[in-house]
Structures are given as structure tokens and as C-alpha cells.
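Enquirer: Sequence and predicted structure are below.
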Amino acid sequence: MPRHGTALATVGVLITALLAGLTATVADERPPWPIESKAIEACGVSLNEVVVPPCSTSDGQPLIDLGLPAGTMITLVEHREEFVVPTGSTVVRAGDRLLVLGDDDGIRHLRERIDGVDNR
């Protein structure tokens, strides 16, 4: 396990615990995420926003099917102006904002996966 794996798991549990049950209606403008990332940067990971684009091959897929890289976790999803703590069965849709915890390589891999275009 990478050296930041244990720290990542601990941070993930803390974030999940802090946000458990959080559902907030937001205004027309998208607000900042209701969390700060300063403490986790020392662990070699960061929080990043990934937006599901129109025509993404990931549109309509549950998170478990996205093939998240090891050490990468989607901690919060903004869907239709509500923040939700996701589970593996949470379905992502075009326009959703995902708050992702991980290292640079994991975030890049997830962005490539999410940015895949369905040409049907």
C-alpha cells in the first residue's frame, strides 16, 4: 500500500463522517464545496473537482463501475443542486460535480475516464 494509503483511508472516513447525511439545497450559482482541503495536502493527496461533461460515457453509470484507481475516492457529489455523500450505487449524470480525494495520478485517471465521449 502506498505510504499515503492509510492517511487517505483515515481522511476518507473523517470526511464521510463529517458529511454523513448531508443534503443541502444550493442557489442557482454553484457554491464552493462545504469542506476545506488544507489538512490533507500534507498526506500527498488533494481534493479536486471533476465535472461529468455532456455525452460522457460515464453518464448514467454507478460509481462502482467507473473503475476508480486505488487510493482515489469520490467523497461528495453535487447533483441537481443538492450535495450527497455517494455510495457505490450512486449514479452519475452529465453536469454532476464530483469532489474527488486522491493523488495526482488517480485524479488524472478518473478525469480521463469521466471525459470519455459516447459517440453513439
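Expert: Nice, I can see it.

Enquirer: Next, count neighbours for the nearest residue to G88 once chain neighbours are set aside.
Expert: Leaving aside its sequence neighbours, G88 sits nearest to I64 (Cβ to Cβ, 6 or more residues apart in numbering; 3.6 Å). Using the backbone N, CA and C atoms, a C-beta is placed for each residue, glycine as well. Applying other Cβ atoms under 10 Å, we find 12 residues neighbouring I64.

Enquirer: part of a helix, is I64?
Expert: Yes: secondary structure of I64 (DSSP: H, G, I helix; E, B strand; the rest coil): part of a helix.

Enquirer: Surely it touches V92?
Expert: No: the criterion here is Cβ atoms under 8 Å, and I64 misses it with V92 at 10.9 Å.

Enquirer: What segments of the protein are strands?
Expert: 46-51, 73-79, 82-84, 97-102 (DSSP state E).

Enquirer: and the longest one, what does it pack onto?
Expert: Okay, so that is strand 73-79. helix 5-19, strand 82-84, strand 97-102 (3 or more Cβ pairs under 8 Å, 6 or more residues apart in numbering; DSSP states H and E).

Enquirer: which other helices and strands contact the second one?
Expert: Using 3+ Cβ pairs under 8 Å, 6+ apart as the contact criterion, the elements in contact with strand 82-84 are strand 73-79.

Enquirer: what's the angle between the strand it packs on and strand 97-102?
Expert: Relative orientation of strand 73-79 versus strand 97-102 (axes from the mean of the first three to the mean of the last three Cα atoms, to 10 degrees): 170 degrees.
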